[in-house]
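K.L.:
Here's my sequence, what's the structure:
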Amino acid sequence: MFPFISKLLDNLNDTWCDSILDSGVLPHAVLRVLIRRELRRRLDEITPPFPDKVIATVSAKDRPGLKAKLENMASPQISLLPGVLAPISRWSEALAYKMNFVETVRHQPIAVETDAANRQNYEIATGIMANMLGPRIKYSCSYYPTGNESLGEAEEKMLNLYIERLSLKAGMRFLDLGCGWGAAVLYFAEKIPGMEVVGFSNSRTQKEYIDAKAQELGLMNVRIITGNCTDYEFEPYYFDRALSVELFEHMKNYEGLMAKMSRALCPGGQLLVHHFCHRTTPYHYEDGWMARTFFTGGTMPSSDLLLYFQKDLVIKKHWWINGYHYSRSLEHWLENTMTRRERMMPHLAETYGEDKAIVWYNRWQIFHLASSEMFKTDGGDTWGVTHALFQKPGVSATCHMLAL
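P.N.:
As a prediction, this is how the structure comes out:
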């Protein structure tokens, strides 16, 4: 048994391990050990001095012009005294890596692998998420200020934090970009009935659920738009406030997306971006189990990454939320997944097929375990969540007043 575990430890991200992970034979305690070791490997890869493999992930594939530009940006050795060269410092190398990353994503589409992301996370049976998540079906980090909150309480704590940080009030027009199953849309519509609440989703099943729930609750101020955010254009100068929760991680060209949001906001309008992140270092998910199974084409931003894209929107406030809060959320999701297995299985079969239902039941458990272990690393101060509040330049006024 121990040689087998040792081989797994050394090859966790190889595809031959997938069948073992899919089988569900490994206890959670063993999986957590495997995951922690893999996380340490990841940290080694993104800590200077960088191995060639990591530098390659930010290089411009098949773009000779951009590749030459990036090579010119790379920090050379530093001349300390005439004829004496010293290697660049770790901080210099880390900053050069980040600037290369920023330059690369500026030349990419707004998003890649959108069909895969939708298939893996969003165009799935609502019954899966309704049983796995909390009562608000919030598929993102919740907030546990005392540590004693239930999942439902923590969901509402985070939703209230959005209201506070966006200063939402009646009379405003609000957009939730990537609204999921409507956690924010439905909650805000209930709490602020005088506010127009618009949700944007690329998922048919999400729209169907939110529309039905809004009708059930008698909410007349909710409207859901479906489309692909890479090419959809909102009505110009329409929204006073916008929120995006864990959407930017599926994006690449942040400058293009921020410009799109700027066009949709009225002067003085604000956008709050909630995204998970590494504290200092951005990277792409290009290989490994998570990239293959749940996060194809995804990005792990750094906490400050969006601060490099202020051409159209300007940062107003910036917060760090310790990874402990996301780890707690994921452990609650894992508990729900395990205790509600029988209720989830028909919905898993509906989404993935009868023959794959148990495989995906096991994969969802591994997803929760892997993500929880990541966010609790080093007490939650390595991976966590950022809230970044951006503002469109101009005099603040509600958009409907500007239209008069």
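K.L.:
C-alpha only now, for contacts and for neighbours.
P.N.:
OK.
K.L.:
Which helix or strand in this structure has the lowest average pLDDT?
P.N.:
Within the chain, no helix or strand scores below strand 78-81, which has a mean of 43 by mean pLDDT, DSSP states H and E.
K.L.:
Can you tell me how far the nearest residue to residue 306 once chain neighbours are set aside is from residue 137?
P.N.:
Spatial nearest neighbour of residue 306, excluding adjacent residues (C-alpha to C-alpha, 6 or more residues apart in numbering): residue 254 at 7.2 Å. Residue 254 sits 27 Å away from residue 137, going by C-alpha to C-alpha, to the nearest Å.
K.L.:
Repeat that for residue 319.
P.N.:
24 Å.
K.L.:
These two: which is more packed in?
P.N.:
Set residue 319 next to residue 137 and count neighbours by other C-alpha atoms under 10 Å: residue 137 wins out with 19 against 12.
K.L.:
Now the more buried one: phi and psi?
P.N.:
Here is the backbone geometry of residue 137 (degrees, to the nearest 10): phi 50, psi 50.
K.L.:
ok, it - contacts?
P.N.:
129-130, 181-183 (C-alpha atoms under 8 Å, 6 or more residues apart in numbering).
K.L.:
From the residues you listed, which land in helices?
P.N.:
Among the contacts of residue 137, DSSP state H puts 129-130, 183 in helices.
K.L.:
Make TSV from those residues and add pLDDT, neighbour count and distance to residue 38 to it.
P.N.:
As requested, these are exported to TSV (pLDDT from 0 to 100; neighbours: other C-alpha atoms under 10 Å; distance: C-alpha to C-alpha, whole Å):
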residue	pLDDT	neighbour count	distance to residue 38
129	97	21	27
130	97	17	30
183	98	21	32
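K.L.:
any chance of those residues in JSON lines, with distance to residue 337 too?
P.N.:
Shown next, in JSON lines, are the ones in helices among the contacts of residue 137 (distance: C-alpha to C-alpha, whole Å):
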{"residue": "129", "distance to residue 337": "9"}
{"residue": "130", "distance to residue 337": "10"}
{"residue": "183", "distance to residue 337": "19"}
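K.L.:
Out of these, which comes closest to residue 371?
P.N.:
Each of the ones in helices among the contacts of residue 137 was checked against residue 371 using C-alpha to C-alpha; the closest is residue 129, at 16.6 Å.
K.L.:
If you drop the residues flanking it in sequence, what lies closest to the spatially most central residue of the chain?
P.N.:
By C-alpha atoms, centre = their mean, the chain has its centre lying nearest to residue 246, at 3.4 Å. In space, residue 246 comes closest to residue 275 once its chain neighbours are excluded; the distance is 4.7 Å by C-alpha to C-alpha, 6+ apart.
K.L.:
Look at that neighbour and tell me its secondary structure.
P.N.:
strand (DSSP: H, G, I helix; E, B strand; the rest coil).
K.L.:
contacting residues around it?
P.N.:
245-249, 301, 385-387.
K.L.:
let's see 6 Å
P.N.:
246, 385-386 (C-alpha atoms under 6 Å, 6 or more residues apart in numbering).
K.L.:
again, but for residue 194
P.N.:
Residue 194 sits in contact with 170-171, where contact means C-alpha under 6 Å, 6+ apart.
K.L.:
And it, how far from residue 214?
P.N.:
15 Å.
K.L.:
same check, this time on residue 345
P.N.:
27 Å.
K.L.:
for residue 90, same thing?
P.N.:
Taking C-alpha to C-alpha, one finds residue 90 at 52 Å from residue 214.
K.L.:
just residue 313 next, same as before
P.N.:
Taking C-alpha to C-alpha, one finds residue 313 at 32 Å from residue 214.
K.L.:
For these two, indicate the residue with more neighbours.
P.N.:
Per other C-alpha under 10 Å, whichever of residue 313 and residue 214 has more neighbours is residue 313, with 24 against 19.
K.L.:
was I right about that one contacting residue 389?
P.N.:
No. With contact defined as C-alpha atoms under 6 Å, residue 313 does not count as touching residue 389 (9.5 Å).
K.L.:
ok but residue 327 is inside a helix, no?
P.N.:
Yes. Residue 327: assigned to a helix according to three-state DSSP.
K.L.:
Please name the nearest non-neighbouring residue to it.
P.N.:
residue 372 (4.2 Å).
K.L.:
Now tell me what touches stretch 19-29 from outside.
P.N.:
Contacts for stretch 19-29 (C-alpha under 6 Å, 6+ apart): 359, 362.
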